[in-house]
Each structure stands twice: as structure tokens, then as C-alpha cells.
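Asks: Fold the following.
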Amino acid sequence: MAAAKELATFNIVRKGEDYRITIEDANGDTVDYIADYDALDLISEAIDEALDSDEEEALEVDEDEEEEQ
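Replies: Numbers count the residues shown, from 1 in each chain. I've put the predicted structure just below:
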């Protein structure tokens, strides 16, 4: 398996009934994917789940910083 690359940017553009997802890494290399609505919805749900699981930890850090001030 190839080493993970650092994400620089991504772009999503609607093309007809599908979406074109362009992902650029920190080296400037890009990869394009075509996804339908259902695939894009699954990506959105996965992002939401990842952020929700980290939200509580992030809020704890903010509260700790406020207490120090």
C-alpha cells in the first residue's frame, strides 16, 4: 500500500447527474473521481461522523484554554 499523502485542496463540481471530485495533494498532484449523489452523500456522512467523534475532545481543549486565561 502506498504511503498516505497530505491533502492540499479538494473541489466538487456537478457534471450532469454526477459530481466530479478533484483532490490535490501537497506536492500538487491531482486525482479526479466521478461520484453520483449517493456516493457523495456517503462521503458527507463519513466526514460528519469523524468530526462528531472529535468534537467533544476539541471542546475540552477550548474549555481548558479559557480556564488558563
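
Asks: Every contact and neighbour count from this point should use C-alpha atoms.
Replies: Fine.

Asks: Would you confirm that residue 41 belongs to a helix?
Replies: Yes: assigned with DSSP: H, G, I helix; E, B strand; the rest coil, residue 41 falls within a helix.

Asks: Got the phi and psi for the residue minimising distance to the centre of the chain?
Replies: Central residue of the chain (C-alpha atoms, centre = their mean): residue 47, 5.9 Å from the mean position. In this entry, residue 47 is assigned phi and psi values of phi -60, psi -50 (degrees, to the nearest 10).

Asks: what do you get for residue 29?
Replies: Dihedral angles for residue 29 - degrees, to the nearest 10 - are phi -80, psi 140.

Asks: Where does pLDDT dip in this protein?
Replies: 61-69 (pLDDT under 70).

Asks: mind listing the helices for it?
Replies: Remark: helices assigned in the chain by DSSP state H are 37-68.

Asks: tell me the domain ranges of it?
Replies: Following automatic domain parsing, one gets these domains for the chain: 1-35, 36-69.
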